[in-house]
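*Asks:* Here is a sequence with its predicted model. Questions after.
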Amino acid sequence: MEADLWATLLDDFAKHVQQAIDQIQERNVDDIPGAKDELIARLTNIMNYFPKNEGTVIKRIIYESIEKHFFPRTDEIAAAFDQILNARTPDQDYIIQEALNGFVASETNLLASNKEGTIIDRLVELFRKSSNFSIIEHQFFNMFGNPNRPRKFLKEGFEKLVKIFGLERDSLIIEKDKRTSQEREVVFYRFPVELIAILDKRFIEVNLDTGEIVVLPQFDKMVFIALFLANITTNRLGIGKYAINGICNIFALIIILSFMPSLKLDPGNPIFKQANFDPTKMSVIPKSWMMKNVMAEIFPPLVAIIAYLEGGNQWYEKIELTEARKKIHNQAMFLLKDINKWVLGNLVRVEIPIFVEIANIFTTVLVEAESNPE
Amino acid sequence: MRETYHEIFAYYSTYLDTIHPTLAQVGKILTDLEPEYLLSDAIIDAIREEEEKRPVNKVKVQEEFATHFRGEIFEKVKKYAMENAAKEDLSDIKNDLIRYLAEVRTCTFHLLSLPSIDEGDAPDSLLYKYVHAIQELIFPAYTSFERTFMSLNENSADWYNCQRYILRPQTYYREKIEEEDTIGISPHIYKIINSIISLFNLDPNWLDDPDNPEEEIPGIPVDDVFTPFIDSIASGEKENIETLCENLEMRTLFDKRFIAPTRQSLDVLSKFGFFDKQSQPSGKIRCVPRLSNETLMQVYLAKICMRRGFLSKELINWISANIAFSIFNGVTLAFVSPENPFRSILYDLKTQEKIIPYLMKLICFRDFLRLNRSKIRDSPQYRKEIYNFLGSKIECQERLAGVIANFILEK
């Protein structure tokens, strides 16, 4: 049954890529000479080689690249956290941040508000200023009002934040509170103990004699976001529908972007005079694939494939198949804009490691297939 | 009530006038102290308590702050001495501490000397130079749209992230937005702007320009822009679309079904290559969009720069707080070395909230940012929110602080 579903997903994808090619043949918006042909050639290769050997190419891309950088397949949070932290580059940080802010943030109402960025920054600030790398519940409430009488939504929001980041709760009983002269429980939150060793020397410094932890200036919000990703990858079957759709969308966009061929430009092209275009780090790619009717063909089946590979049937069943899906796919058009950006009307891909890696996997498979036609 | 320059200057100086002599006083105490006493908590605490018995300020809140500030310095002295006693000679530790205190004193003295005492002398002040150095990069003050856009575009390669950052307030509070007030860019509006850029570059419709029958201008359906976000466009959304278009130098045409650039936008952006005028076989000129990620954000920012008297409270607070923090951090960066143990006292919320709100107000005056200073919020809750956020490590602010620090060090 599962093998049938996988085969159907691959066939479905190939069929939609063919339809996308037909759409581009009919009408494309690329004005760079050769862009249309390059795009069609690349899509044809994808259509031909994707379904081969039970989808080896896409499996390798997901398992060897996407998972390595963003979503390690492991049950151990420490291993996942370490792997995500090691894959950090400034541009990749941006992808992870957008994955969080764009979609996954809606896991909690508090994070999904306009304060989404702010709250993570505040948590970072609290940890940074904390005396022993832990935050007291009280301090968090203090940022938003009266710490002794926090509002209900703040309490709920904070609980969700703790859950989403997988922070550990601990408490301390104070026999006589200075203010009320009564016994009081002080609740504080900290990183899971097994992650401290990973952070040591890079983001924090642990004094082995006193057990004191000093937060280094390198400690930033990406550490939190890596924790968040590590937390959901190790509990991947327990996450909500919205997060699943969000993660699969971002990964699908990364894969499509990696597949796009780099175009050769005339040296006189005005883009070379633009200060924000660096030909050593960026490539101009075709833009017709971003047209609504082309995206509508290739995006949904790819999202379904990713969902199936990452979370099996449980994720696949949660992929949006309604009108809401169209909205989400339309939104993909303006995601990741700092690495899939417009420069003087041209679509430019910033060549970050993951794009290069995925493109290399695809090229290797093509070369292998061409040298062994059978 | 609108406060005068003199009043705000006085508020600004009040706490710096407390900090500066306290630093000198502790420096003197350390100079006279035998190095071996540095490790005696009892002696250090006794000296501190003795100092606290001599209140200098008559105003309770100022005296409380002075006590807190002095207490923090003494705590840092004890901690530094204890941590380094095993590695360094006590007399070296003492000299280091005196040197570090002198650094912080120089820093606070510089902060104190930033604004001029009289508003009339403001153009000769250091604050004027610092504000204008930052303003030129991210918030230029020119009277024409073209000149403002040109300035932003020239600085785009190095400063686009900062330009974008000050457009997007990260704080939020409910306020009744006046009709004429321009608001900052929310995460939602940011996505909408990105989608407008993409749709123009990808597949625009070609419309006859109502102002110039010889030209064809690009237009994108309003529905295409907004339907990824909203189910249907009702009158409320229509009003917002109009406002957003106006801020992006766009307009709606043909029964408000299409979004198209205004004549001013076409004329100005064409000069920078963002619209390419191409002749058509029909004899008409077609304005083909060649927008960059930055283009519409810079158009929005240019409009804000020119409408600086009519910005929402949230945006005014955000812009002035960012620039004030950059100046404060820049001065700290220039004078206080990274290993200085007293550095954290300057970054403490309790210290910053005594200085930065007034710096924010001072830089709103007409010789500086020309923002409506009566909209700078005084509520402690809001301050707490904005400063907690701005205290975080933010790359844009670090870069702007670097500009000020270089400015000081190059002199």
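*Replies:* Ah, there it is.

*Asks:* Around chain B, which positions in the stretch 151-300 of chain A sit nearby?
*Replies:* Residues of the stretch 151-300 of chain A lying close to chain B by Cβ under 8 Å from any Cβ of the partner chain are A:217, A:220-221, A:270, A:274-276, A:287, A:290-292. Using the backbone N, CA and C atoms, a C-beta is placed for each residue, glycine as well.

*Asks:* Most neighbours out of these, which is it?
*Replies:* Highest neighbour count within these: A:Lys287, with 25 neighbours (other Cβ atoms under 10 Å in any protein chain shown).

*Asks:* in chain A, what residue sits furthest out from the centroid?
*Replies:* A:Ser181 (48.3 Å; Cα atoms, centre = their mean).

*Asks:* gap between it and B:Lys271?
*Replies:* Plainly put, A:Ser181 is 73 Å away from B:Lys271 if you go by Cβ to Cβ, to the nearest Å.

*Asks:* and what of B:Asn372?
*Replies:* Distance of B:Asn372 to B:Lys271, computed by Cβ to Cβ: 32 Å.

*Asks:* Settle it for me: which of the two has more neighbours?
*Replies:* The neighbour comparison of B:Asn372 against B:Lys271 (other Cβ under 10 Å) goes to B:Asn372, with 17 against 11.

*Asks:* Run through the residues that contact the more buried one.
*Replies:* B:Asn372 makes contact with B:309, B:311, B:316, B:364, according to Cβ atoms under 8 Å, 6 or more residues apart in numbering or on different chains.

*Asks:* can you count the residues close to B:Thr31?
*Replies:* 12.

*Asks:* From chain A, how far off is it?
*Replies:* In this view, B:Thr31 and chain A are 29 Å apart by Cβ to the nearest Cβ, to the nearest Å.

*Asks:* If we ignore the residues flanking it in sequence, what's nearest that residue?
*Replies:* Once flanking residues are discounted, B:Thr31 sits nearest to B:Ile98: 6.1 Å by Cβ to Cβ, 6 or more residues apart in numbering or on different chains.

*Asks:* Assumed A:Val187 was part of a strand.
*Replies:* Yes: residue state for A:Val187 (DSSP: H, G, I helix; E, B strand; the rest coil) corresponds to a strand.

*Asks:* ok so B:Cys287 is a helix residue?
*Replies:* No: going by three-state DSSP, the assignment for B:Cys287 is strand, not a helix.

*Asks:* Could you tell me what pLDDT the model assigned to it?
*Replies:* Per-residue pLDDT puts B:Cys287 at 95.

*Asks:* try the one 10 residues further on
*Replies:* Each residue has a pLDDT score; the one for B:Met297 is 95.

*Asks:* residues near it, how many?
*Replies:* Applying other Cβ under 10 Å, we find 23 residues neighbouring B:Met297.

*Asks:* I figured it was touching B:Cys162, is that so?
*Replies:* No: the pair B:Met297 / B:Cys162 is not scored as a contact, 11.6 Å apart, by Cβ atoms under 8 Å.

*Asks:* what's the closest non-adjacent residue to residue 261?
*Replies:* Unless you meant another one, I'm taking chain A. In space, A:Pro261 comes closest to A:Glu38 once its chain neighbours are excluded; the distance is 4.5 Å by Cβ to Cβ, 6+ apart.

*Asks:* my question was about chain B
*Replies:* The nearest residue in space to B:Pro261 (Cβ to Cβ, 6+ apart) is B:Met250, at 5.7 Å.

*Asks:* likewise B:Tyr300?
*Replies:* According to Cβ to Cβ, 6+ apart, the nearest residue to B:Tyr300 is B:Asn247 (5.4 Å).

*Asks:* residues touching the one you found, list them.
*Replies:* Shown in contact with B:Asn247 (Cβ under 8 Å, 6+ apart): B:182, B:300, B:303-304.

*Asks:* Identify the residues contacting the residue nearest to B:Thr31.
*Replies:* By Cβ under 8 Å, 6+ apart, B:Ile98 lies in contact with B:27, B:30-31.

*Asks:* quick one: B:Ile44 from A:Phe334, how far?
*Replies:* 59 Å.

*Asks:* Determine the number of other residues adjacent to B:Arg70.
*Replies:* For B:Arg70, the neighbour count with other Cβ under 10 Å is 19.

*Asks:* Actually, A:Pro51.
*Replies:* For A:Pro51, the count of nearby residues is 21 (other Cβ under 10 Å).

*Asks:* For the stretch 101-250 of chain B, which segments are assigned as strands?
*Replies:* Taking DSSP state E, counting those that start in this stretch to define them, one finds strands in the stretch 101-250 of chain B at B:205-208, B:215-221, B:250-253.

*Asks:* which regions of the stretch 251-374 of chain A sit below the pLDDT cut-off?
*Replies:* Where the stretch 251-374 of chain A drops to pLDDT under 70, the residues are A:321-333, A:369-370, A:372-374.

*Asks:* can you give me the strands in it?
*Replies:* For the stretch 251-374 of chain A, the strands defined by DSSP E, counting those that start in this stretch cover A:282-285, A:340-343, A:346-350.
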